[in-house]
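>>> Any chance you could fold what I've pasted below:
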Amino acid sequence: MNLNTKSDRKWIFVSGGVLSGLGKGVVSASIGRILKDKNKKIVQIKCDGYLNIDPGTMNPVEHGEVFVLDDGGEVDLDFGHYERFNDITCKFDWNLTSGKIFKSVIDKERRGDYLGKTVQMIPHVTNEIKDKWIKIGNDENADIVIVELGGTAGDIEMSLFFEAARQMALDFDEKDTCFCHLTYVPVLSSVGEQKSKPTQQSTRILQEIGISPDFIIGRSDFILDEKIKEKIALFSNLKKENILSNPNLETVYELPLIFEKENFSKLLSKSLDLKINPDLNKWNELVNSIKSPINTVNIAICGKYTELQDSYISIKEALVHAGAHNNTKINIEWIETTDINRKSDLKRVLQNINAVIIPGGFGNRGTEGKIEVIRYIRENNIPFLGICLGLQLAVVEFARNVCSIENATSTEFDSDSKNKVIDIMDEQKDVKDLGGTMRLGSYTANISKDTIAHSLYDQVKVHERHRHRYEVNPNYHEVLKEEGLILSGMSPDKKLVEFIELKNHPYFIATQAHPELKSTLENPAPLFLGLVKAALKKVN
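Sure thing, here's the model as predicted:
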């Protein structure tokens, strides 16, 4: 590529320094939100240094939630932030890992694409990274591409991505690329003063790589004061106005508003020679609803990954979205179901709960506790939403305690059982590999009229995302219906149960899908809206 050629789009690179977990995903999503314009298409790319092709087989306690896209891609949870903030539909190709890049390079080498050349990290691997970035921008006809570089500046596993970003700045006109660096600005309790040294060191590391940031975003407990901004600017060769605050907030959705108060969109527009007219009025109203709610409800999430709440981040955020549209604060109670084994436990644990969610999950641990929770809330008229495994366990509970099917269970828990009301899908029976082999992505469900599902979606065909291997055993459909379980949503071929519900209950509904994955602040998931409304009725 010729140096300093004009790009067809603008490139914003978001990096982090000092330590991980500062919230680059939220910053990247917030940048997208303040640049959101009906006349501009924004694409968000995430780069991770790990050698996994995707996070699909990674432990959610270690890595956080696996986010599933419409196209079936299993991607980093930061994609959830991108979609929730910007109402965009991301694609699997937008999540680049070292594993993906290396596999692509090695495949090309094996095919002979490099024509006998010695294949090296530079230029071949870095060119592969740049080519993928550029292809995504071209394929999507994007106006703005935001690239989040995972990890921290100086990490060995991210060095090639940083080098590729450095080269992109050389390849294109200076008005086509922009670097935003997120750093940590600690406040020492002993002196109560914001300290700039970690930011200075991190910026120096970035400069040693060959990247000079255009903006520095200081993650701190408070808004950065003028003194610390001046000091950071001095040591970073930047104007003070290019040093921005990322303080602790009541809700992450407030960050775009903080950025706007510091004129970030105007500064970015000037840096990139862009014309942007963002509209944050509705966003501001929803954030105010989150910060100053009228009502409060207590909703329990009963799972087995509760020690790391990022395992259920999309469910948490879907509740926030539904709460914002109902002027309601959601107090989430995390219940570890492996600890529940007696009815007295349930009465004590659920006594102040207004609604319950049983989320998705895998494996046998904690399932009997969840089944007991479902029985209790069914019998005591507590609003309930089951998601994926939550639907399957609701069917198991109903089969055991209403249909009197002795030892009803799932193949996942007991493959030798005679009464497997939940069974592995036919197309999954011969699958050996774990990665990317489940029923993944967006699928259609036909919704029956005069049901809770239909009243919530107001459609007869809905599209939700899935991530599962098991289904309600078709051999038990009729007996379940005869005893009062409503199969309110089915796959188009009428073989797979997508939604179930109960009639004589304030709100008892479950889905094989993951509706939380399509919920956004401005367009919340219908099932979560219904749950919050049902919880409010229980309070009142």
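>>> who touches the residue nearest the centre of the chain in this structure?
The centre of the chain sits closest to residue 80, judged by C-alpha atoms, centre = their mean, with a distance of 2.5 Å. Neighbouring residues of residue 80 by C-beta atoms under 8 Å, 6 or more residues apart in numbering: 65, 67, 313-314, 317, 517. Glycine gets a C-beta too; all of them are placed from N, C-alpha and C.
>>> roughly how far apart are it and residue 384?
Between residue 80 and residue 384 the distance, using C-beta to C-beta, to the nearest Å, works out to 24 Å.
>>> And residue 470, by the same measure?
Counting by C-beta to C-beta, the gap from residue 470 to residue 384 is 20 Å.
>>> what about these two, which has more around it?
residue 384 (26 against 23; other C-beta atoms under 10 Å).
>>> Do I have it right that the more buried one meets residue 378?
Yes. With contact defined as C-beta atoms under 8 Å, residue 384 counts as touching residue 378 (7.2 Å).
>>> which neighbours do the two share?
Overlap of the contact sets of residue 384 and residue 378 (by C-beta under 8 Å, 6+ apart) consists of 505, 508.
>>> can you count the residues close to residue 40?
Residue 40 has 17 nearby residues by other C-beta under 10 Å.
>>> residue boundaries of the helices in the stretch 351-500 of the chain?
367-379, 389-401, 452-457, 477-482 (DSSP state H, counting those that start in this stretch).
>>> between those, which gets nearest to residue 206?
Residue 206 sits nearest to helix 389-401 of all these, at 43.0 Å, using C-beta to C-beta.
>>> so that closest one versus helix 367-379, what angle?
70 degrees (axes from the mean of the first three to the mean of the last three C-alpha atoms, to 10 degrees).
>>> Keeping just the C-alphas, turn helix 389-401 into PDB.
Provided in PDB are the C-alpha atoms of helix 389-401 (Å, rounded to 0.1, in the frame of the first residue of the first chain):
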ATOM      1  CA  LEU A 389     -31.600 -24.300  30.100                       C
ATOM      2  CA  GLY A 390     -34.300 -22.500  32.100                       C
ATOM      3  CA  LEU A 391     -36.900 -23.700  29.600                       C
ATOM      4  CA  GLN A 392     -35.600 -27.200  29.800                       C
ATOM      5  CA  LEU A 393     -35.600 -27.400  33.600                       C
ATOM      6  CA  ALA A 394     -39.100 -25.900  33.600                       C
ATOM      7  CA  VAL A 395     -40.200 -28.800  31.400                       C
ATOM      8  CA  VAL A 396     -38.500 -31.300  33.600                       C
ATOM      9  CA  GLU A 397     -40.200 -29.800  36.700                       C
ATOM     10  CA  PHE A 398     -43.600 -29.800  35.000                       C
ATOM     11  CA  ALA A 399     -43.100 -33.400  33.800                       C
ATOM     12  CA  ARG A 400     -42.200 -34.600  37.300                       C
ATOM     13  CA  ASN A 401     -44.700 -32.700  39.400                       C
END
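>>> who's in contact with that helix?
357-362, 367, 370-371, 374-375, 378, 384, 386, 405-410, 419, 421-422, 468, 470, 472, 476, 479-480, 483, 485, 497, 499-500, 508, 510-512.
>>> The same query, at a cut-off of 7 Å, please.
For helix 389-401, contacts defined as C-beta atoms under 7 Å, 6 or more residues apart in numbering pick out 358-361, 367, 370-371, 374-375, 386, 405, 408-410, 421-422, 470, 472, 476, 480, 485, 500, 510-512.
>>> Could you tell me which of those residues belong to strands?
Of these, the ones assigned to strands by DSSP state E are 358, 386, 409-410, 421-422, 470, 472, 500, 510-511.
>>> Buried among those residues? Need that as a selection in ChimeraX.
Here is the ChimeraX command that selects the buried residues among the ones in strands among the contacts of helix 389-401 (16 or more other C-beta atoms under 10 Å):
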select :358,386,409,410,421,422,470,472,500,510,511
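>>> C-terminal to the helix or strand of the chain with the lowest mean pLDDT, what's the next element?
Lowest on mean pLDDT, DSSP states H and E among the helices and strands of the chain sits helix 60-63, with a mean of 66. Scanning forward in sequence from helix 60-63 by DSSP states H and E, the next helix or strand is strand 67-68.
>>> who does that next one pair up with?
For strand 67-68, the paired strands and their directions (DSSP bridges) are strand 74-75 (antiparallel).
>>> what residues are up against the closest residue in space to residue 172 that isn't next to it in sequence?
Nearest residue to residue 172 in three dimensions, chain neighbours excluded: residue 7, at 4.4 Å (C-beta to C-beta, 6 or more residues apart in numbering). Applying C-beta under 7 Å, 6+ apart to residue 7 gives the contacts 172-173, 176.
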